[in-house]
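Enquirer: Have a look; sequence and predicted model below, questions after that.
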Amino acid sequence: MLPSDTIVQIFLILQFCLGVMGNSALLLLYIYTFVFRPQYKKLIDSVFIHLTIVNILLIVFLLTKHIMLSFGVPNFLDDIGCKTVLFTFRVSRGLSICSTCVLSTFQVITITPSTSKWAWLKPRLSTWIFSSLLCSWLINLLIYGYMLDMVIAKTNNTLAGHGYTDGYCVNKQVGNHNSGSFLSIVIIHDLFFVTIMMCASLYMVIFLYRHRKGAQHLRSPNLSSQPSPERKATHSILSLVSCFVLIYWLNNCVTLYSFFSSEKIPRVESINAILTTCYPTICPFLLMKNNKVILQFISSFSILRMTCFQSSFHG
């Protein structure tokens, strides 16, 4: 039986490979769609591209450090390395929250009836998306720019003390007023966007329920049972947001335990890193499920395989 440390190492490497490959494949798919299949291009694809790039950054900068740590590589990061890795990871995580929030809000506006008081936002969606993503970059850069002065490389290998610390980096300002204010701002930032996500998800659930209830009164059951592209997109984003919220709360529970625990356990830190990167790893596969280019490729491949099978059978 494999020891627990080896199992954690396997999970870290597997998640790194799966996450980078999945997001890279999705990013290449969107680039291919924009260049060669512009008829399939949609406004929401720009948010998906942004989220995919953010996911790659988050996975690479977080898991690389923990993979090196799990194999016992000493002095992998110096002061500049700690600041760069932690800053990029935290900004990417914040942008992941903001991008998912933009996706859920976008879909709510899209499915809003024309008679709604929010219908005036529909023609302005392209401007609103660009402004939202730009603001999310500015907000996260401002929040986590403060953190650059807080983190330094560890001078010993002991994992102890309250606050942020891992095998390579440590928070040098734990316990002071500025550190507490910074933590409060981060929590308020995360809760604000997660609350919007949850409210948007609740609206989408109610919309789907009413839509399904109304479809039962249609004359053609076969027609009403086929989901429209709008409903497919709503289901996809709803599953994306649900996945994010579930993993977010699990991740936060482990993070708070680790933050306030006086004894730091490396294995718990690695498990927390796996939890943190679960959403970025699962995300591209959820988005690929209803992608028209992928569905068309699968359909063409199935037809080609069936043709080859019939040819070999009759030959």
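Expert: Arrived safely, thanks for sending. Owing to the predicted nature of the structure, the values given are computational and were not obtained by experimental measurement.
Enquirer: What spatial separation is found between the spatially most central residue of the chain and residue 126?
Expert: Nearest to the mean C-alpha position of the chain, by Cα atoms, centre = their mean, lies residue 280 at 4.0 Å. Distance of residue 280 to residue 126, computed by Cβ to Cβ, to the nearest Å: 26 Å. Bear in mind the C-beta positions are built from the backbone N, C-alpha and C, glycine included.
Enquirer: for residue 135, same thing?
Expert: 15 Å.
Enquirer: Could you list the low-pLDDT ranges of the protein?
Expert: Along the chain, the parts satisfying pLDDT under 70 run over 1-2, 156-166, 173-179, 214-229, 259-266, 290-315.
Enquirer: Buried residues, the lengthiest helix in the chain. List them.
Expert: Ranked by residue count, the top helix of the chain under DSSP state H comes out as helix 177-215. Residues of helix 177-215 classed as buried by neighbour count (16 or more other Cβ atoms under 10 Å): 179, 182, 186, 189-190, 193-194, 196-197, 200-201, 203-204, 207-208, 211, 215.
Enquirer: What of stretch 67-84?
Expert: Using 16+ other Cβ under 10 Å as the test for burial, stretch 67-84 gives 67, 68, 69, 70, 76, 77, 82, 83.
Enquirer: of all those residues, which two lie farthest apart?
Expert: 70 and 83 (21.9 Å; Cβ to Cβ).
Enquirer: Mind jotting down where the helices sit in the stretch 1-150 of the chain?
Expert: Ranges of helices in the stretch 1-150 of the chain, per DSSP state H, counting those that start in this stretch, are 4-36, 45-70, 79-111, 125-145.
Enquirer: could you give the angle of the third one to helix 125-145?
Expert: Read that as helix 79-111. Relative orientation of helix 79-111 and helix 125-145, computed by axes from the mean of the first three to the mean of the last three Cα atoms, to 10 degrees: 150 degrees.
Enquirer: What angle do helix 45-70 and helix 79-111 make with each other?
Expert: 150 degrees.
Enquirer: What is helix 79-111 packed up against?
Expert: Judged by 3 or more Cβ pairs under 8 Å, 6 or more residues apart in numbering; DSSP states H and E, the packing partners of helix 79-111 are helix 45-70, helix 125-145, strand 151-153, strand 169-171, helix 177-215, helix 229-260.
Enquirer: sorry, back to before: element containing the residue nearest to the centre of the chain?
Expert: Using DSSP states H and E, the element containing residue 280 is helix 278-288.
Enquirer: what's the distance between that helix and the middle of its chain?
Expert: 7 Å (Cα atoms, centre = their mean, to the nearest Å).
Enquirer: And that helix, what's buried?
Expert: Along helix 278-288, these residues count as buried under the neighbour rule (16+ other Cβ under 10 Å): 278, 279, 280, 281, 282, 283, 284, 286, 287, 288.
Enquirer: wait, which of the residues you listed is closest to residue 119?
Expert: Looking across the buried residues of helix 278-288 and measuring by Cβ to Cβ, the closest to residue 119 is residue 287, at 26.6 Å.
Enquirer: Now do the contacts for the closest one.
Expert: Neighbouring residues of residue 287 by Cβ atoms under 8 Å, 6 or more residues apart in numbering: 26, 48, 236, 240.
Enquirer: would you list the residues you listed in CSV and tack on neighbour count and distance to residue 253?
Expert: Formatted as CSV, the contacts of residue 287 follow (neighbours: other Cβ atoms under 10 Å; distance: Cβ to Cβ, whole Å):
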residue, neighbour count, distance to residue 253
26, 23, 29
48, 21, 29
236, 18, 27
240, 23, 21
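Enquirer: Let's have those in a markdown table, adding distance to residue 270.
Expert: Shown next, in a markdown table, are these (distance: Cβ to Cβ, whole Å):
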| residue | distance to residue 270 |
| --- | --- |
| 26 | 26 |
| 48 | 29 |
| 236 | 31 |
| 240 | 25 |
